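# I would like the atomic coordinates for the input below:
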Amino acid sequence: MSSVTFLNRQALYLRPDTARVIVRPFKPTTEPRDLKPTDKTRANHIVDRVLGLDPEAAASQLADVLENFQGRHRNLLAIFEARADEMEEALIAHASFSRTQRQLLGAYFLNEYSFEASALFNPSIVSHPDQSGAPEGGRRFILSLRAVGEGHVSSLTFRSGSIAADGSVSVDPTARLAAMPKVVRRVGSPEGDHVEVAFKSEEDISERVIFPVTQAQSNGIEDARFVEFADDGRKTFYATYTAYSGTGIRSELIETSDFLSFKMVPLRGSAARNKGMALFPRKIGGRYAMIARQDNENLYLITSDDLYSWDGGELLLKPEFPWEFVQIGNCGSPIELDEGWLLLTHGVGPVRKYSIGAALLAKNDPSKVLARSREPLLRPEPSEREGYVPNVVYTCGAMRHGDQIVLPYAVSDTYSNFATIKIAALLKTMEN
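Next up, the predicted model:
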């Protein structure tokens, strides 16, 4: 059966927008190698210059900065003061500061960053925790996306939207402003920092940007695979993601119940040292379960009594068809159907072309593969082949709505789109 029989592209494109910026700490470049402990650093020099301004000049300069940047961010003066607070240790060696001087100093140690200037891709989708305003017979959703800016640094951003009863998708307008959350708690551990961050309630979901906040994440928070997890009647949203330091990777877990406050925790164990882990939406046989790819080539099933520790694994799927001969991986958390667990997969074929396929796993024993797609469900169309990384379609998670699968997917690591898939027709194309 041709893919057009059961898959419908929505032509609802989410493209990167260079005008959306956050402010993040600016740190002067590395000091000279022969710097003595008693020498002043570049930061000290900047502070001295600001302190050298007379009060009227300092006030005038601060007013000029506000006039230039006020419409681009919320509460700029508070942001400037918070940055000065972060630098208290560096400022303590200097004379006392007026409030105007502190705010101006904060401005000098910040810079704007266009967090999605290069790409907006690898989406995942879950039901919105607040279903008020959902269309009749439809559902509200939250979409997570990987945003990439200067230096190829990845962060996590969001959109909201609705699925109508007929499966058509709409995305809410994107806010003009963007903001990073406040770090409200940080606890060190042998495996790395555990961090809690929180946004302000007045910040729209599309304003919220989770930018790297630990050394392990310093070069990127990549490919979050969100899932709505049910446990004893309590629903929590989890996402596994890849933390990239610039030299190494590891899997971490993010947790939220409202998409306002988030906990980020490193995962432990031998199975957490690679990319692409995806959590099942509920326990199976009393244990947590994950799909993972420890060896860069095959897919494994892992179970654990501890949500934060993952070892071992049982080989589940390996490359079998030409479109996936290079490697396979998961495309998000398994989706529960009456017939079993629907696992979307990606395969890499000739000339490193990425396509999306599927497998069906037994509901009570997902180590058993019931069926598998011989041909991809989704492969790059001619119009989807060009981008930052050509010949790629990819997703980090889909969602069931009625008799359909709503599939957000990325195009050539540049922008994102949606497709819907008829479940019954899809299952008919899969081979036992």
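# contacts and neighbour counts: CA atoms only from here.
Noted.
# so who does the closest residue in space to Trp323 that isn't next to it in sequence touch?
Distance criterion CA to CA, 6 or more residues apart in numbering; nearest residue to Trp323, sequence neighbours excluded, is Gly349 at 4.4 Å. By CA atoms under 8 Å, 6 or more residues apart in numbering, the residues touching Gly349 are Pro322, Trp323, Glu324, Phe325, Val326, Gln327.
# Show me the beta-bridge partners of Tyr238.
Val227, Glu255 (DSSP bridges).
# Quick check, it in contact with Ile254.
Yes: using CA atoms under 8 Å, Tyr238 makes contact with Ile254 at a distance of 5.6 Å.
# if we can go back for a sec, so how far is Glu324 from the residue nearest to Trp323?
5 Å (CA to CA, to the nearest Å).
# So which of the contacts of Gly349 sit within strands?
Gln327 (DSSP state E).
# Closest one to Arg186 out of the contacts of Gly349, please.
Gln327 (37.0 Å; CA to CA).
# Could you find the closest non-adjacent residue to Asp306?
Looking at Asp306 with CA to CA, 6+ apart, the closest residue is Tyr288, at 7.3 Å.
# isn't that neighbour right up against Leu301?
No: judged on CA under 8 Å, Tyr288 makes no contact with Leu301 at a distance of 10.7 Å.
# so is Phe80 in a helix, a strand, or just coil?
helix (DSSP: H, G, I helix; E, B strand; the rest coil).
# Count the residues that sit near it.
Phe80: 20 surrounding residues under other CA atoms under 10 Å.
# Nearest spatial neighbour of it, chain-adjacent residues omitted?
Nearest to Phe80 is Gly106, by CA to CA, 6+ apart, at 4.3 Å.
# now do Glu336
Using CA to CA, 6+ apart, the nearest residue to Glu336 is Leu342, at 6.3 Å.
# For whichever strand or helix holds the one you found, buried residues please.
Using DSSP states H and E, Leu342 sits within strand 341-348. Residues of strand 341-348 classed as buried by neighbour count (16 or more other CA atoms under 10 Å): Trp341, Leu342, Leu343, Leu344, Thr345, His346, Gly347, Val348.
# and if you look at stretch 329-337?
Buried, per 16+ other CA under 10 Å, within stretch 329-337: Gly329, Asn330, Cys331, Gly332, Ser333, Pro334, Ile335, Glu336.
# what does that stretch contact?
Under CA under 8 Å, 6+ apart, the answer for stretch 329-337 is 124, 225-227, 276-281, 291-293, 297-299, 341-347, 356, 363, 394-400.
# For the protein, which residues score under the pLDDT cut-off?
1-5, 30-40, 90, 93 (pLDDT under 70).
# ok, now which ones touch the residue most central in space within it?
For the chain, the residue sitting closest to the mean C-alpha position, by CA atoms, centre = their mean, is Leu156 at 3.5 Å. Neighbour list for Leu156: Ser144, Leu145, Arg146, Ala147, Val209, Ile210, Phe211, Ile221, Glu222, Ala224 [criterion: CA under 8 Å, 6+ apart].
# Let's see that with 6 Å instead.
Contact partners of Leu156, counting by CA atoms under 6 Å, 6 or more residues apart in numbering, are Leu145, Arg146, Val209, Ile210.
# Neighbour-wise, which one of the residues you listed leads?
Leu145 (33 neighbours).
# Quick check: closest non-adjacent residue to that one.
Per CA to CA, 6+ apart, closest to Leu145 is Pro123, 4.4 Å.
# How many residues are close by Leu427?
Leu427, neighbours per other CA under 10 Å, totals 18.
# got it, and the one 4 residues further on?
Other residues near Glu431 number 12, with proximity taken as other CA under 10 Å.
# Surely it and Arg372 touch.
Yes: contact criterion CA atoms under 6 Å: Glu431 and Arg372 qualify, at 5.3 Å.
# Need the contact partners of stretch 400-408.
So stretch 400-408 is in contact with Ala398, Met399, Asn417, Phe418, Ala419, Thr420, Ile421, Lys422, Ile423, going by CA under 6 Å, 6+ apart.
# how about the residues you listed, which pair is most distant?
Farthest pair in those, by CA to CA: Asn417 and Ile423, 19.2 Å.
# which one of these two has more residues nearby?
The neighbour comparison of Asn417 against Ile423 (other CA under 10 Å) goes to Asn417, with 21 against 18.
# what residues go with each domain of this structure?
What automatic domain parsing lists as the domains of the chain is 3-20+114-429, 40-110.
# what about these, which gets the closest to Thr29?
Using CA to CA, the nearest of the domains of the chain to Thr29 is domain 40-110, at 8.2 Å.
# Centre of the chain to that closest one, how far?
32 Å (CA atoms, centre = their mean, to the nearest Å).
# With stretch 281-296 instead?
For stretch 281-296, the distance to the chain centre is 20 Å (CA atoms, centre = their mean).
# All further residue positions should be reported with the first residue as 39.
Sure, I'll start counting at 39 from here, so that last one is stretch 319-334.
# What spatial separation is found between the residue nearest to Leu183 and Ala448?
Distance from Pro161 to Ala448, by CA to CA: 7 Å.
# likewise Ile373?
19 Å.
# Leu143: helix or strand, and which one exactly?
Per DSSP H and E: helix 137-146 holds Leu143.
# Would you mind pulling the contact partners of that helix?
Contacts for helix 137-146 (CA under 6 Å, 6+ apart): Leu100, Phe118, Glu119, Arg121, Ala122.
# Kindly recompute the last result at 10 Å.
With CA atoms under 10 Å, 6 or more residues apart in numbering as the test, helix 137-146 has contacts from 61, 63-65, 81, 84-85, 87-89, 91-94, 96-101, 103-104, 114-125, 129, 134-136.
# sorry, back to before: hey, what's in contact with both of Tyr276 and Ile292?
Ala262, Arg263, Phe264, Phe300, Lys301, Met302.
# Kindly present those as TSV, with separate columns for neighbour count and distance to Gly286.
Converted to TSV, these look like this (neighbours: other CA atoms under 10 Å; distance: CA to CA, whole Å):
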residue	neighbour count	distance to Gly286
Ala262	30	17
Arg263	31	20
Phe264	29	23
Phe300	22	23
Lys301	18	21
Met302	22	18
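# Which single one of the residues you listed is nearest to Thr56?
Of the shared contacts of Tyr276 and Ile292, the one sitting nearest to Thr56 (CA to CA) turns out to be Ala262, at 21.8 Å.
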